[in-house]
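**Q** Predicted model and sequence below, questions to follow.
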Amino acid sequence: MSVQAMSWALQIAKADLSDSSARHVLLCLANYASADGRGTFPSANRLSEDTGLPERTVRYKLKDRKSKRLNSSHRL
């Protein structure tokens, strides 16, 4: 677990990430990160189990976050 990545994810303003499901997926994803925020490779199935969200929702939130990442300075 990366405390730094979890801390970073918690500091994202609601205006930047208002979707609570997407925030939950991001926090669970951050839990798998190394100290520098890299190496996050859990499966969608694993994240589904961690979040309690359907796997399809997890995949959608990851895809949506990836597309938004192109327009932001956020890691992960």
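**A** Good, I have the coordinates.
**Q** switch to C-alpha atoms for all contacts and neighbour counts from now on
**A** Noted.
**Q** The residue minimising distance to the centre of the chain: helix or strand, and which one exactly?
**A** Centroid-nearest residue in the chain, with CA atoms, centre = their mean: Leu26, separated by 1.7 Å. In the assignment (DSSP states H and E), Leu26 maps to helix 20-30.
**Q** just checking, what packs against the following helix or strand past that helix?
**A** Later in the chain than helix 20-30, the nearest helix or strand by DSSP H and E is helix 44-51. The contact analysis (3 or more CA pairs under 8 Å, 6 or more residues apart in numbering; DSSP states H and E) places helix 44-51 against helix 20-30, helix 55-69.
**Q** how about helix 44-51: buried residues?
**A** Ala44, Leu47, Ser48, Thr51 (16 or more other CA atoms under 10 Å).
**Q** cool, and stretch 29-40?
**A** Leu29, Ala30, Asn31, Tyr32, Ala33, Gly37.
**Q** So which of those residues is the closest to Asp64?
**A** Nearest to Asp64 among the buried residues of stretch 29-40: Leu29, at 14.2 Å, using CA to CA.
**Q** residue ranges with poor pLDDT in the chain?
**A** Across the chain, the ranges flagged by pLDDT under 70 are 1, 67-76.
**Q** what do you get if the cut-off is 80, keeping everything else the same?
**A** By pLDDT under 80, the low-scoring segments of the chain are 1-2, 35-38, 65-76.
**Q** So which of the helices and strands packed on helix 44-51 is the most surrounded?
**A** Ranked by mean neighbour count, the helices and strands packed on helix 44-51 are led by helix 20-30 with a mean of 20 (mean count of other CA atoms under 10 Å).
**Q** which secondary structure elements does it contact?
**A** Using 3+ CA pairs under 8 Å, 6+ apart: helix 20-30 touches helix 3-10, helix 44-51, helix 55-69.
**Q** between those, which one is nearest to Asp19?
**A** Of all these, helix 55-69 comes closest under CA to CA, at 9.2 Å.
**Q** just how off-centre is that closest one within its chain?
**A** 9 Å (CA atoms, centre = their mean, to the nearest Å).
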